[in-house]
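J.: Sharing a model that was predicted from the sequence below.
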Amino acid sequence: MKKTILILSLLLVATFSFGYDYPLYSKVLANGLKVIVCERPSGEMAEVQLWYKVGSKDETDGIRGMAHMFEHMMFRGSQNYPGEGDVFIDSINAFGGSVNAYTTFDRTVYHESIPKDKISSVFKMEADRMANLILSQTTLDIERQVVGEELRNGENNWFQRMHNTVYDHLYPLEHPYRVDVIGYLDQIVSFTTQQCQDFYDKFYSPNNAVLVVVGNVNHNDVFTLAENNFGVITKQIPLIEKYITPDIFSDSLRQYEYSVDFPVQIYAYIIPKPAVDDSDFYKFVFLKDLLFTNPNSVFNKEIVQDMQAAYQIFSASDDWSLYTNYCELYIIMQAAPGNVKVKKAINAKIQSIIDEGIDPHIMKDYLQSLKAQRTLNLYANNFIANELGMAELYFGDYQKHDSLYNAFEKITPQQLQQTAAKYFNPQNFKVLNIKPTF
């Protein structure tokens, strides 16, 4: 591992980290905005991402869906960039860039792939919508319709419709992940401009955000642009303390059978998963991927490919979470007699790992495939920016961007055996049986 550290100031650090051949730099502005730069020779395009530490976990009853609503609202006009429609999107597209955003339980991320000579323009727009977003009744009415239509379209998808039904029965009422990110339609259509303003003022500020830039750029130039555009924003929010959550490891599901109006049967494995700050986090994710979700996983090979007993296996939950959450693993099968053999095969394999351990060669093969995939991904600016943002948001340190891979390499077969017994024991599995209505 090659590592060089250059101290520029108490708040400015450059590192050469394992897995990256590109220097990384960071600076914290006086108003609390952290700026992270990766100088990567990559042609004329650069990636700009602005991570806000707010998601649906921060909503209260009455404003369920507000975090996702703001993902939409932020593309409308701001004080210095007024206009009709999605002003921000139209402006980025006009100079040859692309822009999008997403919201989860924990975070809202705005990301742009742009010509590097347009970074100054994007910073101006990002800073203006951070400080001066226009929250008019007209804008709210339009975006409520857009989000409402998105929610209704989800209801037209058989899996999403079923998943929303299941979701209401997963978490206890006091858990911050209790409501799906998109929220409830009856609350969305009742949002007021004052509620929107309160949410904006409470969470959209420099000291609750991280700015990441990756591309063929100079970090000093980026820091100067960030200081000139974001540094003048004085808005601050109080430090958000971590929520106290109920123990989902001892919680019970409210229902074990569901129906879906589609000709499939589904086994949904609902497994409580440790949060990122738990010592078991890496081991849980490693074993989950190794058994279920990696394309070359044990059960993809055994159940989907060899037995041809299922169409696919996938996860419908986020590995990264600030709080304990449910890992949701869905096995989609043909609606036909005999599917219980799938459950038996899964139980038998996991029990054998608990009793006898796991083959080290399987672990080695998985790590090799993971490294190969990551090597390819590191040619993409957006992949690097996402890794840096995730590390900063979840660990408070962007330099831990490779911590997942480093941790995976240190995990032993004995540790996975213990993880299987602790989390994946068939005696403790919560398995939902989802069957067609016809």
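T.: Structure received. Computed from a predicted model, the values in this text were never measured in an experiment.
J.: The nearest residue to residue 351 once chain neighbours are set aside: what's it in contact with?
T.: For residue 351, ignoring the flanking residues on the chain, the nearest one in space by C-beta to C-beta, 6 or more residues apart in numbering is residue 426 at 6.0 Å. C-beta: built from backbone N, CA, C; applies to glycine. The contact partners of residue 426, by C-beta atoms under 8 Å, 6 or more residues apart in numbering, come to 346, 347, 350, 351.
J.: What mean pLDDT does the helix or strand harbouring residue 166 get?
T.: Under the criterion DSSP states H and E, the helix or strand holding residue 166 is helix 158-167. The average pLDDT within helix 158-167 is 84.
J.: start at 477 instead
T.: Okay, residue one is now 477; in that scheme the one you just asked about reads as helix 634-643.
J.: Output the next helix-or-strand element following it as CSV, nothing but the C-alphas.
T.: Following helix 634-643 in sequence order, the next helix or strand is helix 661-664 (DSSP H and E). Extracted in CSV, the C-alpha atoms of helix 661-664 (Å, rounded to 0.1, in the frame of the first residue of the first chain):
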residue,chain,number,x,y,z
LEU,A,661,-50.0,10.1,-1.0
ASP,A,662,-52.6,11.5,1.3
GLN,A,663,-49.8,13.4,3.2
ILE,A,664,-48.0,14.5,0.1
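J.: Break down the stretch 777-914 of the chain into its helices, ranges please.
T.: With helices called from DSSP state H, counting those that start in this stretch, the stretch 777-914 of the chain shows them at 816-832, 836-853, 857-871, 879-886, 889-899.
J.: Pipe the contacts of residue 902 into JSON lines and attach pLDDT and neighbour count per row.
T.: Formatted as JSON lines, these follow (pLDDT from 0 to 100; neighbours: other C-beta atoms under 10 Å):
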{"residue": "822", "pLDDT": "95", "neighbour count": "25"}
{"residue": "823", "pLDDT": "94", "neighbour count": "16"}
{"residue": "826", "pLDDT": "96", "neighbour count": "20"}
{"residue": "827", "pLDDT": "95", "neighbour count": "16"}
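J.: Show me which of these is closest to residue 753.
T.: Nearest to residue 753 among these, counting by C-beta to C-beta, is residue 826 at 25.9 Å.
J.: My understanding was that the closest one contacts residue 896; is that so?
T.: Yes - using C-beta atoms under 8 Å, residue 826 is in contact with residue 896, at 5.9 Å.
J.: what residue ranges in the protein are flagged as low confidence?
T.: 477-496, 730 (pLDDT under 70).
J.: now the strands: where do they sit in it?
T.: All strands of the chain, identified by DSSP state E, fall at 481-485, 488-491, 500-504, 510-515, 521-528, 574-579, 584-591, 685-691, 733-736, 740-749, 788-791, 801-810, 906-912.
J.: Who are the packing partners of the fifth one?
T.: The one in question is strand 521-528. In terms of contacts (3 or more C-beta pairs under 8 Å, 6 or more residues apart in numbering; DSSP states H and E), strand 521-528 is packed against strand 584-591, helix 595-607, strand 685-691, helix 857-871.
J.: could you redo the last one with a cut-off of 6 Å?
T.: strand 584-591, strand 685-691, helix 857-871 (3 or more C-beta pairs under 6 Å, 6 or more residues apart in numbering; DSSP states H and E).
J.: For residue 559, give its distance to residue 551.
T.: 11 Å (C-beta to C-beta, to the nearest Å).
J.: between the two, which one's more packed in?
T.: Each of residue 559 and residue 551 has its neighbours counted (other C-beta atoms under 10 Å); residue 551 has more, 21 against 13.
J.: Quick check: the more buried one touching residue 566?
T.: No - when contacts are counted by C-beta atoms under 6 Å, residue 551 is not listed as touching residue 566 (9.1 Å).
J.: Report the buried residues of the helix holding residue 642.
T.: 635, 636, 638, 639, 640, 642, 643 (16 or more other C-beta atoms under 10 Å).
J.: Kindly report the same for stretch 537-545.
T.: 539, 540, 541, 542, 543, 544, 545.
J.: Closest one of those residues to residue 681?
T.: residue 543 (14.9 Å).
J.: What are the neighbouring residues in contact with that closest one?
T.: 530, 531, 532, 579, 584 (C-beta atoms under 6 Å, 6 or more residues apart in numbering).
J.: quick revisit: include mean neighbour count when you put the strands of the chain into CSV, please.
T.: Shown next, in CSV, are these (neighbours: other C-beta atoms under 10 Å):
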stretch, mean neighbour count
strand 481-485, 10
strand 488-491, 16
strand 500-504, 21
strand 510-515, 23
strand 521-528, 24
strand 574-579, 17
strand 584-591, 21
strand 685-691, 27
strand 733-736, 14
strand 740-749, 21
strand 788-791, 16
strand 801-810, 21
strand 906-912, 17
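J.: can you list those in a markdown table and add distance to residue 888?
T.: Listed next are these as a markdown table, based on distance: least, C-beta to C-beta, whole Å:
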| stretch | distance to residue 888 |
| --- | --- |
| strand 481-485 | 31 |
| strand 488-491 | 28 |
| strand 500-504 | 30 |
| strand 510-515 | 32 |
| strand 521-528 | 34 |
| strand 574-579 | 35 |
| strand 584-591 | 34 |
| strand 685-691 | 34 |
| strand 733-736 | 38 |
| strand 740-749 | 20 |
| strand 788-791 | 24 |
| strand 801-810 | 22 |
| strand 906-912 | 28 |
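J.: Figure out which of these is closest to residue 653.
T.: Of those, nearest to residue 653 by C-beta to C-beta is strand 801-810, at 5.4 Å.
J.: other SSEs contacting the closest one?
T.: strand 740-749, strand 788-791.
J.: what's the angle from it to helix 634-643?
T.: 140 degrees (axes from the mean of the first three to the mean of the last three C-alpha atoms, to 10 degrees).
J.: Apart from its chain neighbours, what residue comes closest to residue 590?
T.: Residue 590 sits nearest to residue 573 (C-beta to C-beta, 6+ apart), 3.6 Å away.
J.: can you pull the contacts of the one you found?
T.: 588, 589, 590.
J.: first vs last residue of stretch 748-756, how far apart are they?
T.: By C-alpha to C-alpha, to the nearest Å, the extent of stretch 748-756 from end to end equals 12 Å.
J.: can you check stretch 656-669 too?
T.: Terminal residues of stretch 656-669 are spaced 22 Å apart (C-alpha to C-alpha).
J.: can you pull up the bridge partners for residue 502?
T.: With DSSP bridges as the criterion, residue 502 is bridged to residue 489, residue 512.
J.: what does residue 912 give?
T.: Legend: beta-bridge partners of residue 912 under DSSP bridges are residue 736.
J.: ok, of the buried residues of helix 634-643, which one's closest to residue 651?
T.: Closest approach to residue 651 among the buried residues of helix 634-643 (C-beta to C-beta): residue 643, at 11.6 Å.
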